[in-house]
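Engineer: missing the sequence, but the structure's below:
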């Protein structure tokens, strides 16, 4: 992939929405909710402070993360769908 986010932004591959509930009920496409977790596929260099120093990001490529329902901007790169968002939009790293 020829895409590198700038500054404190990250590129996330969203997880697939669930098609069947834990109870076995099939969810139609119109009722599926946007996933709120995904995997980091690219990161920027870090946030630049007012004095010019760069603070490195806490997340790294390969981390599975939890983010807000409406976080980020959806983009298509090389036929894949991704979200680009600021690190601040990420709530947690899933271990």
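Structural biologist: Yes, it's here. A quick note: this is a predicted structure, and the numbers were derived from the prediction, not measured.

Engineer: can you give me the strands in the chain?
Structural biologist: Using DSSP state E, the strands found in the chain span residues 9-14, 37-43, 47-48, 54-55, 64-67, 73-77, 80-86, 90-94.

Engineer: buried deepest among those, which one?
Structural biologist: Comparing the strands of the chain by mean neighbour count (mean count of other Cβ atoms under 10 Å), strand 9-14 comes out on top with a mean of 22. (Glycine included, C-beta is placed from N, CA and C.)

Engineer: packing partners of it?
Structural biologist: Helices and strands touching strand 9-14, by 3 or more Cβ pairs under 8 Å, 6 or more residues apart in numbering; DSSP states H and E, are strand 37-43, strand 80-86.

Engineer: now these in CSV, with mean pLDDT and distance to residue 54?
Structural biologist: CSV is the format used below for those (pLDDT from 0 to 100; distance: least, Cβ to Cβ, whole Å):
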stretch, mean pLDDT, distance to residue 54
strand 37-43, 92, 13
strand 80-86, 91, 15
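
Engineer: just to revisit the earlier point, of the strands of the chain, which approaches residue 2 most closely?
Structural biologist: Nearest of those to residue 2, taken as Cβ to Cβ: strand 73-77 at 8.3 Å.
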